[in-house]
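Colleague: This is a predicted model, with the sequence first.
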Number of protein chains: 2
Amino acid sequence: MALSAPPRRLPKTSATAPKDTPAIILVEPQLGENIGMAARAMLNNALGDMRLVAPVHGWPNEHAIKPASGAGIVLDGVQVFDSTSAAIADLSHVYATTARDRDLTKPVLTPRAAAAEMREIFAAGGRPGVLFGREAWGLNNDDVTLADAVISVPMNPTFASINLAQAVLLVGYEWFQAGDDTPDADVRMSKSTRPANKQELIGMFEHLEKELDDCGFLRPPEKRPAMIRTIRNMFQRAQMTEQEVRTFRGIISGLIRRHERPRE
Amino acid sequence: MALSAPPRRLPKTSATAPKDTPAIILVEPQLGENIGMAARAMLNNALGDMRLVAPVHGWPNEHAIKPASGAGIVLDGVQVFDSTSAAIADLSHVYATTARDRDLTKPVLTPRAAAAEMREIFAAGGRPGVLFGREAWGLNNDDVTLADAVISVPMNPTFASINLAQAVLLVGYEWFQAGDDTPDADVRMSKSTRPANKQELIGMFEHLEKELDDCGFLRPPEKRPAMIRTIRNMFQRAQMTEQEVRTFRGIISGLIRRHERPRE
């Protein structure tokens, strides 16, 4: 079987920082670790424009480097601002990430709907950005008021507190998915084989059925058609490769040879 | 304006651990921190069944507690197994999370497609679970072979390495979204008001237009209809509340009074 490839590490480098992506704006982030993890989550999702508003421990922050896990290229491009309004000055559309229960009047979007909208904004020549609040208490209402809409992540209502970097990850993830054309489901094939064609599959069925006739498994004769349908259906569903068909025919032959050997 | 509610902390407690949810199986996890963060991500998404296969530093692990951020109820329910096959014995469907490029023949699903499938499996009386590999190198091929299908997260191909807890978060997030009926977009309303009705809105338009006629803004007369359409369209788009209509009529009156005051 061709399943013996050694486990490999995932690639950890990126040639260039992604350009022309939504801005990710962290307002008064406290922990360098969270800034680093947010940078990693951004690069995972091909986001390149990180902005910090009044980071509590200044910038640069050495604690951000290790958690960025190789996304230094995002940290290198960070822009720092004194105020949220300065950080969003060049943007055309701003989203504020908050929990659902603020007492204000503002459109509220899921991350998925916001991602689709941001793709449309880009296509129309606009420039969107997303505000994320301080770890302990989120965005204040003045910052939320600057936004065109709110992004709120549907979550377990009894346990909705998520980490800053995880919030960035979910918004970035939806952004990436909205522009990605990976099929929902496909069958990944070993490179050394291909799907079996019907001639190969039916050849295997007939091989198996001949041997099952010979050993008396398919009796009584009136039950034979239904038994064959059951067996064929089961193997049909397995969507075998050409290699697996050959392997299985080898198994049939091997079992027969064992049967032919004298019992000990 | 009713935007002065103080920022609040999100709820951090959960009465009971979610039951009858997909199992999240961490195979040979190394760091207690990651186990704790994975537990938090699980509870965020109403997942309650965490299983560990041969955790490198044993179990319980005190380093898991703080990163769980209140999701101790998930840690309390953890089951530990010696082998992956023991951990999945009671499950009907198993998914392995891996990068896309393994050399094997197996259905590959996005997290979103897998979440939809897991909801169907539950509805049909089955019991699904998801395998996550060790931090440094993921699942080995024997573990992947035990799975019915692979879940692979579409990500930036030049930077696809994600943290264990973040992988759990994304799979859990899609599970929760697949069962959640939050509308993609709605307008959140301050509790002290309601959308303006058309009578209120048109009353505001007529108030504004009368004052603009009086001050000569809507001249020359042949341009007046187009100017009014422009103004009405702009305010129409703002989807004002009844309170905002009253506020804006107050603004109009205030500006007029200023105009009426003698210049200094």
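Modeller: Looks like it came in fine. Residues are numbered from 1 along each chain as shown, chains lettered A, B, ... in the order given.

Colleague: Which residues does the residue nearest to residue A:28 when sequence neighbours are not counted form beta bridges with?
Modeller: Nearest-residue entry for residue A:28: residue A:134, 4.5 Å, with adjacent residues in sequence omitted and distances by CB to CB, 6 or more residues apart in numbering or on different chains. Yep, even glycine has a C-beta here, placed from its N, CA and C like the rest. Beta-bridge partners for residue A:134, by DSSP bridges, are residue A:138.

Colleague: All the helices of the stretch 101-250 of chain A, in order from the start?
Modeller: A:111-123, A:141-146, A:164-178, A:198-214, A:224-237, A:242-260 (DSSP state H, counting those that start in this stretch).

Colleague: Show me which residues of the stretch 151-264 of chain A sit near chain B.
Modeller: For the stretch 151-264 of chain A, the contact set with chain B under CB under 8 Å from any CB of the partner chain comprises A:153-163, A:166, A:169-170, A:173, A:176-177, A:180, A:182-193, A:241, A:244.

Colleague: residues touching the residue of the stretch 1-150 of chain A found nearest chain B, list them.
Modeller: For the stretch 1-150 of chain A and chain B, the shortest gap (CB to the nearest CB) falls at residue A:113, measuring 3.7 Å. The contact partners of residue A:113, by CB atoms under 8 Å, 6 or more residues apart in numbering or on different chains, come to B:184-185.

Colleague: so what's it scoring on pLDDT?
Modeller: Note for residue A:113: predicted pLDDT of 96.

Colleague: Could you do the one 3 residues further on as well?
Modeller: Residue A:116 is assigned 96 on the pLDDT scale.

Colleague: again, but for residue A:79
Modeller: Looking at residue A:79, its pLDDT is 97.

Colleague: Same check on residue A:152?
Modeller: The model's pLDDT for residue A:152 equals 93.

Colleague: for residue A:98, same thing?
Modeller: On the pLDDT scale, residue A:98 gets 89.

Colleague: Excluding chain neighbours, give the residue nearest to it in space.
Modeller: Nearest residue to residue A:98, sequence neighbours excluded (CB to CB, 6+ apart): residue A:150, at 5.4 Å.

Colleague: How far does the least confident helix or strand in chain A by mean pLDDT sit from its chain's centre?
Modeller: In chain A, no helix or strand scores lower on mean pLDDT, DSSP states H and E than strand A:185-188, which sits at a mean of 78. Between the centre of strand A:185-188 and the centre of its chain there are 15 Å (CA atoms, centre = their mean, to the nearest Å).

Colleague: Output that strand as CSV, restricted to C-alpha atoms.
Modeller: Provided in CSV are the C-alpha atoms of strand A:185-188 (Å, rounded to 0.1, in the frame of the first residue of the first chain):
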residue,chain,number,x,y,z
ALA,A,185,-15.5,17.4,-0.7
ASP,A,186,-13.3,15.4,-3.1
VAL,A,187,-11.5,12.1,-3.0
ARG,A,188,-7.8,12.5,-2.6
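
Colleague: got the contact list for it?
Modeller: A:195, A:239, B:100, B:102, B:104-110, B:113, B:150.

Colleague: re earlier: quick check, the residue nearest to residue A:28 in contact with residue A:35.
Modeller: No: between residue A:134 and residue A:35 there is no contact under CB atoms under 8 Å: 11.8 Å.

Colleague: Show me the common contact partners of the two, please.
Modeller: Shared contacts of residue A:134 and residue A:35 (CB under 8 Å, 6+ apart): residue A:29.

Colleague: Compare those two (neighbour count), which wins?
Modeller: residue A:35 (29 against 22; other CB atoms under 10 Å in any protein chain shown).

Colleague: residue contacts, that one?
Modeller: A:26, A:29, A:50, A:52, A:55, A:61, A:64, A:75.

Colleague: got a list of what the second one touches?
Modeller: To tie it back to what came earlier, the one meant is residue A:29. Residues counted as contacts of residue A:29 (CB under 8 Å, 6+ apart) are A:35, A:38, A:52, A:55-56, A:132, A:134-135, A:164.
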